[in-house]
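*Asks:* Have a look; sequence and predicted model below, questions after that.
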Amino acid sequence: MNSSLVRPVGRRNFLSRTLAGGAYLLWSGPLPATPECRETEDNDEGPFYKKGAPDRETLLEGSIAGTRLSLKGRVMTTACAPLAGAVLDVWQADDNGKYDNSGFTLRGRFHADKSGVYRIETIVPKHYRIGGEHMYRPAHIHLKISASGCPMLTTQLYFQGDPYNKVDSLFRPSLVLSPREVDSRRKAAEFDFILKQA
């Protein structure tokens, strides 16, 4: 080594270089991601909506047939802020693909808590024929979601693996539930609803 090129490093120089290098190591990594809450897609209301559904804690009444489904999640803004007290107006077909149009079976309004958390106890609905031998709507759950300061969201939730998803004109991949089996008669799923602010 050419000794004429080697310069002694003073204590002050050494410390400043070390601290600068340490700061670089601390801040050179990726910054934490900003939480992203994408607005939930709206979807058609359909012909079976009925006003006046009662407030409920469950849609499971009496000995209703079908695989039980526990659906839970949060209602939030696109800024990822919880929407306390949001109302979820829910309606769906039964285990035979039929809607109750005379009463309020499998229809009800649910309220999110102060953290925007909701929970709906229901059944997995069945797909149903809409015309023709092979014309079916896939299994789905309808919702109208309202919260203070936000336009109402009307949408539907679909089920992963339903054979009619791929031929349904209203189907949206962003609205798919992926239920897991709890036991032979029960499933559970999660879905967060994101509403834009007015």
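*Replies:* Received, thanks.

*Asks:* I'd like the distance from stretch 117-134 to the chain centre, please.
*Replies:* 17 Å (Cα atoms, centre = their mean, to the nearest Å).

*Asks:* just stretch 104-112 next, same as before
*Replies:* Mean C-alpha position of stretch 104-112 versus that of the full chain (Cα atoms, centre = their mean) differs by 17 Å.

*Asks:* again with stretch 49-56
*Replies:* Taking mean C-alpha positions (Cα atoms, centre = their mean), stretch 49-56 and its chain are 21 Å apart.

*Asks:* which outside residues touch it?
*Replies:* Contact with stretch 49-56 is made by 89, 90, 91, 101, 104, 107, 108, 109, 110, 111, 142, 144, as judged by Cβ atoms under 8 Å, 6 or more residues apart in numbering. Using the backbone N, CA and C atoms, a C-beta is placed for each residue, glycine as well.

*Asks:* Next, find the distance separating the third one from residue 169.
*Replies:* Taking Cβ to Cβ, to the nearest Å as the criterion, residue 91 is separated from residue 169 by 20 Å.

*Asks:* Which residue of those two possesses the greater neighbour count?
*Replies:* residue 91 (24 against 6; other Cβ atoms under 10 Å).

*Asks:* Surely the more buried one touches residue 107?
*Replies:* Yes: under the contact definition of Cβ atoms under 8 Å, residue 91 touches residue 107, with a separation of 4.5 Å.

*Asks:* And the helices in the protein?
*Replies:* Here the chain has its helices, by DSSP state H, at 11-27.

*Asks:* And the strands in it?
*Replies:* For the chain, the strands defined by DSSP state E occupy 68-77, 87-92, 107-111, 117-123, 128-129, 136-137, 140-147, 150-159, 176-177, 180-183, 186-190, 193-195.

*Asks:* Show me which residues of stretch 86-106 are buried.
*Replies:* For stretch 86-106, burial by neighbour count (16 or more other Cβ atoms under 10 Å) applies to 86-94, 99, 104-106.
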